[in-house]
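[1] need the 3D shape of this:
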Amino acid sequence: MHYRGSLQAGILLLIIAALATAAVFFYLYIPTQPPIADETGWTEEGLKSVLNANNEFAFDLYNKLSKEVNGNLVYSPYSIFSALTIVYEGAKGKTASEMRTTLHLPAALTLRGNFGKLYNIINKTSNGCELRTGNALWIQKDYPILDSYKNVVEKYYGAKSANLDFINETERSRRIINSFIEEQTNGRIKELIPPDYLTEWTRMVITNAVYFSGEWKWQFEPKNTRKMDFRTSDGKIARVEMMRMNPEDVEFYYADLHNLQLLELPYANEKISMWIILPKNDLSEIEPITLEKFQEWKKAAKKTELADIYIPKFEFTTKQELKDVLQNLGIREAFSEDADFSGITDKKELFIDFVIHQAYINVHEKGTEAAAATAVGMKLTAVPVFNVFKADHPFVFIIQERETGVILFVGKVVNPISK
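    Down below sits the predicted model:
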């Protein structure tokens, strides 16, 4: 009996250990406790340069995506910016130059500590709001990633790494990455990487996830929400759930300009807010939107008491494959077999196969929930050559007995379906 009890206890400990190992393998770190990045050497000026890079890129993306997406659109420029910057850390030559220009990145010595500072700021939560982000590297097991690259992206970007087997367990690898992203985004981003995106030639996937949940500082009363008309972009009328606020003795940053209205709605911690840019008639009046324009509009905003505020409730998810958009913005060589990512592995054998982004937004009376994730897949530039025999044109055939070598039949095939 004692032996049996010891055996059962031993088995139980093995199961617990296996589950603990699986949890570490699947999740790398607890989503609510992302790693801390190294922010050594950061400065106010350096942090501003990284912030401006992200924000310039944000509007570059908007102006491209807005033209391509006729319906609703939501994306996280920070998520895409983060994933691509981690890829950039391994780029060299023209590949690095195109990425640096498109992402508006400062020099590496300025970028790293200041990116780490921005990452750590984002991961500081406070009352009424939850905001977090996390990065990860998913590497083909036994594939030789340079330690210098892994150390930099873990140190300054908090990017923990895990080994997967894309070659033999492609689908399982996809499920593991998607499961991690779903966990990081509180279940809001599911199936980020679709089937067939990963192949046996995938060698690395870089992921970023962002999650936000916050209550308004001044909430909308649900009892004031009513069905109201909303004119869509094609001129049709939709009946929507319109929230209404009738604030008394409250001042919002607001501007009424010649072609738009601008309003800031702060969240409870007052460190995060939503700016709403409302054109007088149509979005085409104010597009393209640039960082410079947005900053000018914000400067015009003054603390103002408003009689009523109407905002529709909305909830939707959008997903984009960003390869074409990023190529149009200037990142070209990185997607070609001329790519130079020899800072990741000492060979020039990787290129970006795909960049996929998915985002979710829910705006309601109490506040906002938003989530986004980005995956960058990297593939071998030169697929190993195998001997291939492809009889797709006229050929001769011979039937020979092997032991004696006697030829039994000879012929040729010119048209296989001709009788």
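
[2] roughly how far apart are residue 174 and residue 210?
    As for residue 174, its distance to residue 210 is 21 Å (criterion: C-beta to C-beta, to the nearest Å). C-betas here are computed from N, CA, C, even on glycine.

[3] again with residue 225
    From residue 225 to residue 210 the distance is 28 Å (C-beta to C-beta).

[4] swap in residue 98?
    From residue 98 to residue 210 the distance is 25 Å (C-beta to C-beta).

[5] got any ranges where the stretch 51-200 of the chain has weak pLDDT?
    By pLDDT under 70, the low-scoring segments of the stretch 51-200 of the chain are 125.

[6] beta-bridge partners for residue 371, please?
    Listed by DSSP bridges, the beta-bridge partners for residue 371 are residue 211, residue 360.

[7] residue 233: neighbour count?
    The local packing of residue 233 (other C-beta atoms under 10 Å) involves 11 other residues.

[8] residues contacting it?
    Counting by C-beta atoms under 8 Å, 6 or more residues apart in numbering, residue 233 makes contact with 70, 282, 283.

[9] just the element for it, please.
    For residue 233, there is no host helix or strand (DSSP states H and E).

[10] check residue 80 too.
    Using DSSP H and E, residue 80 sits within helix 77-88.

[11] moving C-terminal from that helix, which element do we reach first?
    Assigned by DSSP H and E, the successor of helix 77-88 is helix 93-103.

[12] which parts of that next one are buried?
    Residues 95, 96, 98, 99, 100, 102, 103 are the ones in helix 93-103 that count as buried (16 or more other C-beta atoms under 10 Å).

[13] now for those residues: which two are most distant?
    The most widely separated members of the buried residues of helix 93-103 are 95 and 103, with 12.4 Å between them, by C-beta to C-beta.

[14] now the common contact residues for these two.
    Residues touching both residue 95 and residue 103 (C-beta under 8 Å, 6+ apart): there are none.

[15] who's in contact with the closest residue to residue 165 other than its chain neighbours?
    Nearest residue to residue 165, sequence neighbours excluded (C-beta to C-beta, 6 or more residues apart in numbering): residue 141, at 5.5 Å. Shown in contact with residue 141 (C-beta under 8 Å, 6+ apart): 163, 164, 165.

[16] more neighbours, residue 225 and residue 210?
    Each of residue 225 and residue 210 has its neighbours counted (other C-beta under 10 Å); residue 210 has more, 24 against 18.

[17] residue 50 versus the more buried one, what's the distance?
    Separation of residue 210 from residue 50 (C-beta to C-beta) stands at 16 Å.

[18] got it, and residue 177?
    26 Å.

[19] likewise for residue 321?
    From residue 321 over to residue 50 (counting by C-beta to C-beta), the distance is 26 Å.

[20] these two - which one has more neighbours?
    For residue 321 versus residue 50, the count of surrounding residues by other C-beta under 10 Å is larger for residue 50: 25 against 13.

[21] what subset of the contacts of residue 233 is buried?
    Neighbour counting by 16+ other C-beta under 10 Å classes none of the contacts of residue 233 as buried.

[22] want to throw these into a markdown table with distance to residue 370?
    Converted to a markdown table, these look like this (distance: C-beta to C-beta, whole Å):
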| residue | distance to residue 370 |
| --- | --- |
| 70 | 22 |
| 282 | 25 |
| 283 | 21 |
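
[23] how about the residues you listed in a markdown table, adding distance to residue 199 and secondary structure?
    Shown next, in a markdown table, are the contacts of residue 233 (distance: C-beta to C-beta, whole Å; DSSP: H, G, I helix; E, B strand; the rest coil):
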| residue | distance to residue 199 | secondary structure |
| --- | --- | --- |
| 70 | 31 | coil |
| 282 | 43 | coil |
| 283 | 39 | helix |
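
[24] ok, those vs residue 214, which is closest?
    Of all these, residue 283 has the smallest distance to residue 214: 25.6 Å, by C-beta to C-beta.

[25] just the strands in the stretch 51-200 of the chain please.
    129-140, 160-164 (DSSP state E, counting those that start in this stretch).

[26] buried stuff in the shortest one?
    Spelled out, it's strand 160-164. 160, 161, 162, 164.

[27] now the longest one
    Within strand 129-140, the residues that count as buried by 16+ other C-beta under 10 Å are 129, 131, 132, 133, 134, 135, 136, 137, 138, 139, 140.

[28] could I get the CA-only coordinates of it as PDB?
    Extracted in PDB, the C-alpha atoms of strand 129-140 (Å, rounded to 0.1, in the frame of the first residue of the first chain):
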ATOM      1  CA  CYS A 129      -7.600  51.100 -16.900                       C
ATOM      2  CA  GLU A 130      -5.800  48.100 -18.000                       C
ATOM      3  CA  LEU A 131      -3.100  48.400 -20.600                       C
ATOM      4  CA  ARG A 132      -0.400  45.900 -21.500                       C
ATOM      5  CA  THR A 133       1.700  44.700 -24.400                       C
ATOM      6  CA  GLY A 134       4.000  41.800 -25.000                       C
ATOM      7  CA  ASN A 135       6.400  40.500 -27.700                       C
ATOM      8  CA  ALA A 136       7.600  37.000 -28.500                       C
ATOM      9  CA  LEU A 137       9.900  35.100 -30.900                       C
ATOM     10  CA  TRP A 138       8.800  31.700 -32.200                       C
ATOM     11  CA  ILE A 139      11.900  30.000 -33.700                       C
ATOM     12  CA  GLN A 140      12.200  26.700 -35.500                       C
END
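
[29] tell me what it is packed against?
    Using 3 or more C-beta pairs under 8 Å, 6 or more residues apart in numbering; DSSP states H and E, the elements in contact with strand 129-140 are helix 77-88, helix 108-122, helix 147-157, strand 160-164, helix 170-184, strand 202-215.

[30] alright, I will stop here.
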